[in-house]
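1. what follows is a predicted protein model with its sequence.
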Amino acid sequence: MQSKRFRFRLGTLFVCVTLLCLWLGYQMRWVHQRREALVWIREHETAEKWSSADPTGVTVTPVGGLPAPYESRRPPLAVWLLGEQQVHFITLDRAKVTASDFDMLNRLQALFPETDGVHIEEPGWSNRWTLETHAEIFVRESGGPGR
């Protein structure tokens with residue numbers, strides 16, 4: 001009579017360990033990219049240093065809405081498991097961002113899904129980064145096509 005315990009072969013164990021290592025390797029690559037991007041963010045962010053801000057006690061006011069407490073998004077599992085720093089806000093200084101930064105700006109949301117978007121600020125103006133709205137502004141200001 002066979003036992004009802006779960007049984008597996010050694011080959012199955014090797015396959016499972018290999019899959020776990022592949023997943024962990026991919027996640028570590030992502031964490032490495034996040035760390036490089038965080039250095040870039042700190043070089044280009046506003047003086048308030050929002051990338052290191054604790055969201056506790058932060059109040060947000062949507063356009064045409066009432067002030068409400070900021071509800072932080074849940075970090076991805078790998079960020080939590082690997083103890084990586086969470087970034088709740090990315091607010092960049094418009095004077096430090098150029099058209100050559102488009103690639104990095106487009107990658108930031110994928111690298112930091114726990115943020116509420118990438119915001120670019122200058123005195124009296126703040127906007128969430130999207131390639132369509134900002135690419136035209138940067139090209140016009142730099143004297144390129146579309147001027």
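-> Looks like it came in fine. Numbering: from 1, shown residues only.

2. need the helix or strand of this structure with the lowest average pLDDT.
-> Sorting the helices and strands of the chain by mean pLDDT, DSSP states H and E puts helix 131-142 at the bottom, at a mean of 53.

3. from Glu114, how far off is Gly74?
-> For residue 74 the amino acid is Arg, not Gly. Distance of Arg74 to Glu114, computed by C-beta to C-beta, to the nearest Å: 7 Å. Where you see a C-beta, it was placed from the backbone N, CA and C, and this is true even at glycine.

4. the more surrounded of the two?
-> More crowded of Arg74 and Glu114, by other C-beta atoms under 10 Å: Glu114, with 15 against 10.

5. was I right about the more buried one contacting Glu71?
-> No: assessed by C-beta atoms under 8 Å, Glu114 is found out of contact with Glu71, at 11.5 Å.

6. could I get the contacting residues of Glu84?
-> 31, 34-35, 75, 78 (C-beta atoms under 8 Å, 6 or more residues apart in numbering).

7. min pLDDT across those, which one?
-> pLDDT across these is lowest for Pro75, at 77.

8. please report phi then psi for it.
-> The phi/psi pair for Pro75 (degrees, to the nearest 10) reads phi -70, psi 160.

9. helix, strand, or coil at the closest residue to it other than its chain neighbours?
-> Nearest-residue entry for Pro75: Glu114, 4.6 Å, with adjacent residues in sequence omitted and distances by C-beta to C-beta, 6 or more residues apart in numbering. In three-state terms, and counting by DSSP: H, G, I helix; E, B strand; the rest coil, Glu114 is coil.

10. strands of the chain, start to end?
-> Assigned strands in the chain, in chain order: 59-60, 68-69, 90-93, 118-122, 125-128 (criterion: DSSP state E).

11. which one of the ones you listed lies closest to Ala53?
-> strand 90-93 (9.1 Å; C-beta to C-beta).

12. so for stretch 64-72, mean pLDDT?
-> pLDDT averaged over stretch 64-72 gives 72.

13. meant to ask about stretch 85-95
-> 85.

14. can you give the contact residues for it?
-> 38, 41, 44-48, 50-51, 53-55, 70, 72-73, 75, 79, 105, 108, 112, 114-122, 125-126, 129.
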